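> pasting the sequence and the predicted model now:
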Amino acid sequence: MQNVPQLVLDSKKARHFDGRHPWVLANSIVKPTVDLEAGEIVELVQPNGSWIGRGIYNPNSRVRLRLLQWSPDEELCENWVYRQLEQAVNLREHWTCRQGELEALRLVNSEGDGLSGLVVDRFSSFLVVQFTSLAMLRWKDAILSWLQERLAPDNIHFSLDASAAKLEGVESFQEWTGETPERAIVNFQDKGVALTVDLSDSQKTGYYLDQRSNRERAAASFVPGSLLDVCCYHGGFSLAACKQGSVSDVTALDSSEKALRVAKLNAEQNKLANITFLKADCFDHLQQLCQQGQKFDNIVLDPPRMASHRSQLNSALRAYYRLNLSAVNLLRPGGMLVSCSCSGRVLREDFWGVLSSVAKRSRRRIQLLEGRGADFDHTIDVNCPESDYLKCFICRVC
Ligand code: SAH
């Protein structure tokens, strides 16, 4: 057993604590009696002293402790991190050798792979590593060296963005393991669509890989006619639909000029001329379209995360309600609605409730044809419901 300081679970929380969620919040533990440093390895015990788990302490974060191990016999060290990384990469290799090679995929998915606060995506011969916890910074150099040795990428972009830095009480950074390229442009194929992404200047890791199979399924479900792709980013849903030939004309909107510029380039390189890109706010624009009496045959709603904290849940549900109600009003009878939520705090049943309220209010029947999640490489830890963050409901609106 590792000899490390112990933290005691607050007795009021002890009864409800199932012990395998990787996040232990500040108000769930008794204030430590000794000074503990940020990034120190600690153990969590019940008020009666029985052992719960081992993890990394961060006095500057609301997630005071990131639990990583639940067996007292293990040791929390570099070798343990290497084993988690190997398991994560092995799983993807196993999958892709059965499903077909992917040029872009998620290799490590934070809680889903037991490494809370670490994401690794591969885009062709580049890796993008996103740190979102102080815990993972403890092994930053070890992780980067392991990735270099095991996967031999041309270069690795690694960062911790400003919002994660604020939450974790650390400095943000963005660097490359090799030479800093002037522009980090990568080209890759995603389900038959040719994509170009600038890794050093884009949202999240560069491209939303989580929607990979949802785009394909949505395209297969669309009825002939028009598509309104709301919050299109680099054009994922529109490009997949046009490539499959399932829709005839597409309006794709996003509030980010930069995202739209890349989306246009991607449409051009795939020789898809029937997409009109539009810079607009999704809430205002959908309301305007309703007022103008416009109608569409298919609508995709893929707004950004609306609740990162439990206190934002109700306002997020109201925003989803507004957006989905507008979309349903814009759809012709028999049209398809692909409605997504990537807020981990909004559980599947909450999102279902939103659609149910919209159906009541609009007096339309909403048939849920498929309730989907993120693609296979975005692993989910069943003890961390927040890791099932992506909901993608493919519905017919009668
Ligand atoms: N559908 C995309 C991913 C969307 S991510 C795909 O398949 O890859 C969410 C997008 O919403 C981002 O591109 C972001 O720029 C955009 N966004 C954020 N706030 C918005 C708003 N108020 N109106 C329109 N777009 C918004």
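That came through, no problem.

> so in the chain, where's the weakest helix or strand by average pLDDT?
Scoring the helices and strands of the chain by mean pLDDT, DSSP states H and E places helix 11-14 at the bottom, with a mean of 74.

> what's that one in contact with?
27-28, 46-47 (CB atoms under 8 Å, 6 or more residues apart in numbering). To be clear about C-beta, it is placed using only N, CA and C from the backbone, and glycine gets the same treatment.

> now for those, which pair is the farthest apart?
Spatial extent of those (CB to CB) is set by the pair Asn27 and Gln46 at 16.4 Å.

> who has more neighbours out of those two?
When Asn27 and Gln46 are compared for neighbours, Gln46 comes out ahead with 15 against 10, by other CB atoms under 10 Å.

> so which residues on the stretch 151-300 of the chain come close to the ligand?
By CB under 6 Å from any ligand atom, the residues of the stretch 151-300 of the chain that approach the ligand are 203, 208, 211, 231-234, 236-237, 254-256, 259, 281-282.

> give the contact list for whichever residue of the chain sits closest to the ligand.
In the chain, no residue comes nearer to the ligand than Gly236, which is 2.5 Å away by CB to the nearest ligand atom. If you count contacts by CB under 8 Å, 6+ apart, Gly236 has them with 207-208, 211, 215.

> closest one to Leu105 out of the residues you listed, please.
Tyr207 (10.7 Å).

> state the distance from the residue nearest to the closest one when sequence neighbours are not counted to Ser124.
Leaving aside its sequence neighbours, Tyr207 sits nearest to Val197 (CB to CB, 6 or more residues apart in numbering; 5.1 Å). Val197 sits 10 Å away from Ser124, going by CB to CB, to the nearest Å.

> identify the contacts common to these two.
186, 188.

> for those two, indicate the residue with more neighbours.
More crowded of Val197 and Ser124, by other CB under 10 Å: Val197, with 24 against 16.

> pLDDT value on the more buried one, please?
At Val197, the model reports a pLDDT of 91.

> can you check Ala307 too?
With respect to pLDDT, Ala307 has a value of 81.

> and the longest helix for this structure?
helix 78-99 (DSSP state H).

> could you pull out the helices in the stretch 201-350 of the chain for me?
212-221, 236-244, 257-269, 282-291, 313-330, 348-362 (DSSP state H, counting those that start in this stretch).

> typed the wrong thing, it's the stretch 51-200 of the chain
78-99, 134-137, 140-151, 162-168.

> in JSON lines: those, plus mean neighbour count, mean pLDDT and distance to Asp249.
Listed next are these as JSON lines, based on neighbours: other CB atoms under 10 Å; pLDDT from 0 to 100; distance: least, CB to CB, whole Å:
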{"stretch": "helix 78-99", "mean neighbour count": "14", "mean pLDDT": "92", "distance to Asp249": "32"}
{"stretch": "helix 134-137", "mean neighbour count": "25", "mean pLDDT": "98", "distance to Asp249": "45"}
{"stretch": "helix 140-151", "mean neighbour count": "16", "mean pLDDT": "98", "distance to Asp249": "41"}
{"stretch": "helix 162-168", "mean neighbour count": "16", "mean pLDDT": "95", "distance to Asp249": "37"}
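
> can you put these in TSV and add distance to Ala319?
Listed next are the helices of the stretch 51-200 of the chain as TSV, based on distance: least, CB to CB, whole Å:
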stretch	distance to Ala319
helix 78-99	33
helix 134-137	31
helix 140-151	36
helix 162-168	19
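
> so which of these is nearest Ser362?
helix 162-168 (34.9 Å).

> and that closest one, C-alpha only, in CSV?
The C-alpha coordinates for helix 162-168 follow below in CSV (Å, rounded to 0.1, in the frame of the first residue of the first chain):
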residue,chain,number,x,y,z
ALA,A,162,-8.3,29.2,-20.4
SER,A,163,-11.6,27.8,-19.0
ALA,A,164,-10.1,24.6,-17.7
ALA,A,165,-7.2,26.6,-16.3
LYS,A,166,-9.6,28.8,-14.4
LEU,A,167,-11.5,25.9,-13.0
GLU,A,168,-8.3,24.1,-11.9
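
> need the residues that contact that helix.
In contact with helix 162-168 (CB under 8 Å, 6+ apart) are residues 58, 60-63, 117, 131-134, 160, 171-172.

> so of those, which ones are in strands?
63, 131, 160 (DSSP state E).

> and of the contacts of Gly236, the nearest to Leu68?
Nearest to Leu68 among the contacts of Gly236, with distances taken as CB to CB, is Tyr208, at 26.9 Å.

> that closest one contacts Cys231, correct?
No: in this structure Tyr208 lies outside contact range of Cys231 using CB atoms under 8 Å: 10.2 Å.

> low-confidence ranges in the stretch 1-150 of the chain?
1-2, 14-19, 98-99 (pLDDT under 70).

> for this structure, which strand is longest?
Max-length strand for the chain by DSSP E is strand 331-341.

> mind giving me the packing neighbours of the longest helix of the chain?
Helix 78-99 sits against strand 104-109, helix 140-151, with contacts defined as 3 or more CB pairs under 8 Å, 6 or more residues apart in numbering; DSSP states H and E.

> touching the ligand at all, the shortest one?
No: Strand 104-109 lies out of reach of the ligand by CB under 6 Å from any ligand atom, never closer than 11.9 Å.

> partners of that strand in the sheet?
In the sheet, strand 104-109 lines up against strand 118-123 (antiparallel) (DSSP bridges).

> hmm, who's touching the partner strand?
88, 103-110, 127-133, 136, 143, 147, 151, 153, 186, 188, 197, 199, 205-207, 209.

> and what of stretch 263-273?
So stretch 263-273 is contacted by 193-196, 232-235, 238-239, 242-243, 252, 254, 275, 277 (CB under 8 Å, 6+ apart).

> picking up where we left off before, report all helices and strands that the longest strand of the chain contacts.
Strand 331-341 sits against helix 212-221, strand 296-301, helix 313-330, helix 348-362, strand 391-397, with contacts defined as 3+ CB pairs under 8 Å, 6+ apart.

> let me have these in TSV, extended by distance to Gln269, mean pLDDT and mean neighbour count.
Listed next are these as TSV, based on distance: least, CB to CB, whole Å; pLDDT from 0 to 100; neighbours: other CB atoms under 10 Å:
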stretch	distance to Gln269	mean pLDDT	mean neighbour count
helix 212-221	17	96	21
strand 296-301	21	98	24
helix 313-330	29	97	20
helix 348-362	34	96	16
strand 391-397	26	98	23
